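Visitor: Give me coordinates for this.
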Amino acid sequence: MVIKNLTDLSTEKNILLNIVSRKIAASKSTKLNEDFDSNLKIDINNIGVLVDAIETKIRKAEILFYSYFETVDNAILCGNSATLPFELQIEFIYTTSLMRDEIYIDDKSLYRETVDMQFQSFILLVASLFENIVRLTEILIKKVIVHQPGDRYRPMTTPLFNYKSYLDSLLKLGYRKSDYISNCLVSHNIFLSKYLITLNGLRNSFIHGYASNLLNDGYNYRVTNRFDNVSFSAADPALNIDEFTKAVLFNGRQFYKDLILAIVNQLKHHAKTIPG
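Guide: I've put the predicted structure just below:
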């Protein structure tokens, strides 16, 4: 039996929501961002729902990683039936809650199909998670991406790659100064610069296409480098499905924790208004 603890970010969430609540109560909020996008209204209930959704997605991504990728059987995925059946008994603990799961697959084609499907779910989940992080930042911090006011001009979501690119441009032009948010992005730049293009490409491919974007090299099951052959060489071990999903999950989770701290630091001064 494998036992895994799922992430609990209630402490960070409560610190953030307490600061936002105090700012609203003290009339330290403006409609600056809301004027461009009605969904960016500073509303404590909506912000709470958004933060809960982000943290739920982190835990769902953890469940997928620990169930299908951390202990992935590359031999089966590369066509070897010797290690069949694939079996895993796993227990997830979250605060005082417990969930058990058992996976049993006795066919190599079905195992590969399952891994392909769960990888697609993992990528779409992480992409949505990052888009929700952008939404949270665009509510609480002065906007980075500006569209004409009105729903007809507003995209449904903004990928983190786009947000980072816009902010980098604003900083280079001198239209925006370094702050806690930009410093947080800089501190995670190695991860973000290497993975966001591929993540965005995978997201679009899974939404609009049919390819699994996974292949085997005879030894390992791997993510294709067709979306970014600069950051990843064809033989980069970071593209092995277990290493790739681990890097995305662990670094993405830490990025969110650090971003919450950055937002708190940017808002906590008594004179600061929201968006900060």
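Visitor: can you pull out the helices in the stretch 51-200 of the chain?
Guide: In the stretch 51-200 of the chain, the helices defined using DSSP state H, counting those that start in this stretch lie at 74-77, 108-140, 160-173, 180-187, 189-208.
Visitor: can you put these in TSV and add mean pLDDT and mean neighbour count?
Guide: The way it works is simple: take the backbone N, C-alpha and C, and place the C-beta from them, glycine included. Formatted as TSV, those follow (pLDDT from 0 to 100; neighbours: other Cβ atoms under 10 Å):
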stretch	mean pLDDT	mean neighbour count
helix 74-77	96	20
helix 108-140	97	20
helix 160-173	94	16
helix 180-187	96	18
helix 189-208	95	17
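Visitor: could you dump the ones you listed to a markdown table with distance to Ala238?
Guide: Listed next are the helices of the stretch 51-200 of the chain as a markdown table, based on distance: least, Cβ to Cβ, whole Å:
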| stretch | distance to Ala238 |
| --- | --- |
| helix 74-77 | 15 |
| helix 108-140 | 15 |
| helix 160-173 | 18 |
| helix 180-187 | 20 |
| helix 189-208 | 8 |
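Visitor: Quick one: closest of these to Tyr66.
Guide: Distance to Tyr66, taken as Cβ to Cβ, is lowest for helix 108-140 among the helices of the stretch 51-200 of the chain, at 11.3 Å.
Visitor: so what does that closest one touch, helix or strand wise?
Guide: Helices and strands touching helix 108-140, by 3 or more Cβ pairs under 8 Å, 6 or more residues apart in numbering; DSSP states H and E, are helix 44-64, helix 74-77, helix 160-173, helix 189-208, strand 214-216, helix 241-267.
Visitor: just checking, what packs against the fifth one?
Guide: In this case it means strand 214-216. Strand 214-216 makes packing contacts with helix 108-140, strand 221-223 when contacts are defined by 3+ Cβ pairs under 8 Å, 6+ apart.
Visitor: quick one: which of the ones you listed is nearest Phe250?
Guide: Here helix 108-140 is closest among the helices and strands packed on strand 214-216 (Cβ to Cβ), at 11.6 Å.
Visitor: now the farthest one out in the chain, which residue is it?
Guide: Largest separation from the mean C-alpha position in the chain: Ala82, at 35.5 Å (Cα atoms, centre = their mean).
Visitor: Ignoring the adjacent residues along the chain, who's closest to that one?
Guide: In space, and not counting its chain neighbours, Ala82 is closest to Ala75: 6.8 Å by Cβ to Cβ, 6 or more residues apart in numbering.
Visitor: now swap in Ile90 and tell me
Guide: Spatially, and ignoring its direct neighbours in sequence, Ile90 is nearest to Val2 (4.5 Å; Cβ to Cβ, 6+ apart).
Visitor: isn't that neighbour right up against Gln89?
Guide: Yes - using Cβ atoms under 8 Å, Val2 is in contact with Gln89, at 6.8 Å.
Visitor: coming back round to it: okay, the helices and strands packed on strand 214-216 in JSON lines with distance to Ser233 next?
Guide: Formatted as JSON lines, those follow (distance: least, Cβ to Cβ, whole Å):
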{"stretch": "helix 108-140", "distance to Ser233": "20"}
{"stretch": "strand 221-223", "distance to Ser233": "11"}
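Visitor: Next, Asn33: secondary structure please.
Guide: coil (DSSP: H, G, I helix; E, B strand; the rest coil).
Visitor: Count residues in the vicinity of the closest residue to it other than its chain neighbours, would you?
Guide: Leaving aside its chain neighbours, Asn33 sits nearest to Leu40 (4.2 Å; criterion: Cβ to Cβ, 6+ apart). By the measure other Cβ atoms under 10 Å, the count of residues near Leu40 is 20.
Visitor: Check Ile263 too.
Guide: Neighbours of Ile263 (other Cβ under 10 Å): 25.
Visitor: begin at 2 from here
Guide: Okay, residue one is now 2; in that scheme the one you just asked about reads as Ile264.
Visitor: re the thing from before, okay, the helices and strands packed on helix 109-141 in TSV with distance to Asn34 next?
Guide: Formatted as TSV, the helices and strands packed on helix 109-141 follow (distance: least, Cβ to Cβ, whole Å):
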stretch	distance to Asn34
helix 45-65	12
helix 75-78	45
helix 161-174	13
helix 190-209	23
strand 215-217	39
helix 242-268	13
